[in-house]
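1. quick check, what structure comes out for this input:
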Amino acid sequence: MVASFFLGMPGYGSVILVVVVVLLLFGGKKIPELMRGLGGGIKEFKNASKDDDSKDEIKKEDDKF
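-> Residues are numbered from 1 along each chain as shown. The predicted structure follows:
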């Protein structure tokens with residue numbers, strides 16, 4: 001019964017607890033820097049995956065000839 005309690009969807013209380021713990025660990029001034037770094041990493045990942053997809057399309061077109 002206890003295991004099913006922890007496997008459920010997180011509620012508002014859990015989200016608030018996570019936010020408070022993050023604030024305590026990193027501090028208010030450090031969080032914007034972390035988010036900027038995370039956003040930059042996601043942007044680079046998307047760009048790399050787009051480049052990879054275009055290379056696959058070029059290879060498929062070359063294989064046709």
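
2. where in the protein is pLDDT low?
-> Of all residues in the chain, those with pLDDT under 70 make up the ranges 1-7, 52-65.

3. tell me which stretches of it form helices.
-> 2-6, 12-26, 31-64 (DSSP state H).

4. for the closest residue to Leu23 other than its chain neighbours, grab the count of nearby residues.
-> Closest residue in space to Leu23, ignoring its immediate chain neighbours: Ile31 at 7.3 Å, by CB to CB, 6 or more residues apart in numbering. All C-beta atoms are positioned from the backbone trio N, CA, C, and that covers glycine. The tally of other residues near Ile31 (other CB atoms under 10 Å) stands at 14.

5. how near is Ile31 to Val15?
-> Noted for Ile31: a distance of 15 Å to Val15, by CB to CB, to the nearest Å.

6. with Leu38 instead?
-> Distance from Leu38 to Val15, by CB to CB: 18 Å.
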